[in-house]
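# need coordinates for the following:
(one chain, ligands or ions: 4)
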Amino acid sequence: MNSSELRQTFLDFFESKQHKIESSAPMVIKDDPTLMFTNAGMNQFKDIFLGNSPIKYNRIANSQKCLRVSGKHNDLEEVGHDTYHHTMFEMLGNWSFGDYFKKEAIDWAWELLVDVLKLPTDRLYASVFEGSEEDNMKRDDEAAGYWEKHLPADHIINGNKKDNFWEMGDVGPCGPCSEIHIDLRSEDERKRIPGRDLINMDHPQVVEIWNLVFMQFNRKADGSLEALPHQHVDTGMGFERLCMAMQNKQSNYDTDVFQPIIQAIAKMCGKTYGENEEVDIALRVIADHIRTISFAITDSQLPSNNKAGYVIRRILRRAVRYGYTFLDLKDPFMYRLVEVLIEVMGKHFPELIKQRELIEKVVKEEENSFLRTLANGIKLLDQIIEKTKADDFKVVQGEVAFELYDTYGFPLDLTELILKENGLVVNRREFNEAMEAQKNRSRSATAMETGDWIEILKDDKEEFVGYDYLSTDVKITRYRKM
Ligand code: ATP
Ligand code: MG
Ligand code: MG
Ligand code: MG
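Ligands and ions are numbered 1, 2, ... in the order given. You can find the predicted model right below:
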């Protein structure tokens, strides 16, 4: 089944269960100070769950464009390196607003995956909330009971609060969830490690595909839970992951969602996908990023120097640099991928077709402007890397990253990515200080404040910190390797 048919099958299935089919909300959110991008299907229904909006339809289903590159959900570092996290992805969802609850949500998920889509039952697992002492909550035996009708006991796994209890925030609607995982390991490997005790949910080929959230509590300011007057269901299934399972692939990138784009890039640079890991990562990253950039532009979010616009610019520059360094693509190439993206996704997302010219023009201009300085920036960075390694240092001065940012247009996370490839990190505190100093200089020089610098720094601190090993508030001292 190809991806278009699969998406349609999902929507048709829930339509047959009396769901109203909605179109996707925008991926870029313009009017919510707490969220820059839609990161889950439920975002657009937040006010219904909070009781601030009336319920128009009790049952809704759709495919939502999501982006996870900032805030609580930041998957950017995984993209291209693993096989199933993207920046932009489609989340297939069905919702019940005060209507059906656990039984129907579970039975229908099963009916769709097994009866309609014919996924092999012996490869499916469901997780249920194991309970939490601090919240005085018991295991979700109710959900487990419904799963037991479909799955043997050793395919029902207990999950902790982190994975199996969803909360909107510190206060507000929340509840246990049940996730469906699929074991995509080869037959050989399954034979080698059979059995439940040994099924490792963290195995890279045991993949979470669908999350069913059962909203039944309200978390109060004092931390206690009370039952909600109306119970809701919020589900989200990764469309590209479902395509992988349905098309018998071991990577989302091997499905018809990504292959046409990957092949188009491979053709441009005269390389073959699947021969060299470094090249493959670059091909995957670019195929991923062109989707994000194109869809952001259709939401009228152009690349810019602050907030959401800067996130998009960073993603684009990241892709350009992967092409430049690993695929030898020295001229604008991203804009030429819009055509094939439209072939893959244009039918369901006609905004791509309508805005094709704009997307191509904006992407090409961005590429051109970055390529003007990219070569020199990389040269400078290479020298720094060589010297830092020769000196046996691990940490590059923040001023260098700032110069790359200021003169060569390298977003900080791009400099950090290149350094990481070389086992180095940057001193972020120094970078921030240099940024601050330049802000003060330009303030006194022109007595004109644009606010752009401040925004960028804010976003960097609050929205784009992707690295655990180095955060802005850790004071870094240079050290020598032993
Ligand atoms: P994971 O544990 O794999 O990061 P998650 O638990 O963060 O996923 P949810 O918030 O439960 O994901 O979102 C619902 C579904 O969306 C997931 O079950 C998965 O299929 C899909 N999904 C989540 N993040 C991504 C992503 N970055 N790229 C593609 N699909 C995703
Ligand atoms: Mg995640
Ligand atoms: Mg998960
Ligand atoms: Mg999940």
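# from Gly41, how far off is the one residue in the stretch 301-450 of the chain that gets nearest to ligand 1?
Of all residues in the stretch 301-450 of the chain, Ile315 sits closest to ligand 1, at 13.4 Å by Cβ to the nearest ligand atom. For every residue, glycine as well, the C-beta is placed using N, CA and C. According to Cβ to Cβ, to the nearest Å, Ile315 and Gly41 sit 22 Å apart.
# the residue in the stretch 151-300 of the chain that ligand 1 sits nearest to: what's it in contact with?
Using Cβ to the nearest ligand atom, the closest approach of the stretch 151-300 of the chain to ligand 1 is made by Gly238 at 2.5 Å. Neighbour list for Gly238: 84, 89-92, 208-210 [criterion: Cβ atoms under 8 Å, 6 or more residues apart in numbering].
# who in this protein is up against ligand 1?
The chain comes close to ligand 1 at residues 40, 68, 75, 85-86, 89, 91, 208-211, 236-238, 240-241, as judged by Cβ under 6 Å from any ligand atom.
# quick one on the thing from earlier: tell me what the residue of the stretch 151-300 of the chain closest to ligand 1 is bridged to.
Beta-bridge partners for Gly238, by DSSP bridges, are Met91.
# quick check: pLDDT value at it.
At Gly238 the predicted local confidence, pLDDT, stands at 98.
# equivalent analysis for Gly71, please.
84.
# any idea how far Ile29 is from it?
Distance of Gly71 to Ile29, given as Cβ to Cβ: 11 Å.
# shared neighbours of those two, anything?
Joint contacts of Gly71 and Ile29 (Cβ under 8 Å, 6+ apart) are 35-36.
# more neighbours, the two?
Per other Cβ atoms under 10 Å, whichever of Gly71 and Ile29 has more neighbours is Ile29, with 20 against 15.
# got a list of what the closest residue in space to that one that isn't next to it in sequence touches?
Nearest non-adjacent residue to Ile29, counting by Cβ to Cβ, 6 or more residues apart in numbering: Leu35, 5.3 Å away. Applying Cβ under 8 Å, 6+ apart, we find Leu35 in contact with 29, 43, 71.
# and Asp188, what pLDDT?
On the pLDDT scale, Asp188 is placed at 84.
# same check on Arg185?
At Arg185, the pLDDT recorded in the model is 89.
# got the domain ranges for the chain?
3-253, 258-463 (automatic domain parsing).
# could you identify which of those domains has the lowest mean pLDDT?
Within these, confidence is poorest for domain 258-463, with a mean of 90 (mean pLDDT).
# just the residues of the chain next to ligand 1: which are in helices?
240-241 (DSSP state H).
# between the residues of the chain next to ligand 1, which has the most around it?
Within the residues of the chain next to ligand 1, His86 tops the neighbour count with 30 neighbours, counted by other Cβ under 10 Å.
# contacts only, for that residue.
When contacts are counted by Cβ under 8 Å, 6+ apart, His86 touches 68, 75, 79, 240, 252, 288, 291.
# tell me the contacts of the third one?
When contacts are counted by Cβ under 8 Å, 6+ apart, Val79 is found next to 85-87, 284-285, 288-289.
# most widely separated two among the residues you listed?
Farthest-apart pair in these is His85 and His289; separation 12.9 Å (Cβ to Cβ).
# returning to what we had before: and the residue of the stretch 301-450 of the chain closest to ligand 1, how close does it get to Gly377?
17 Å.
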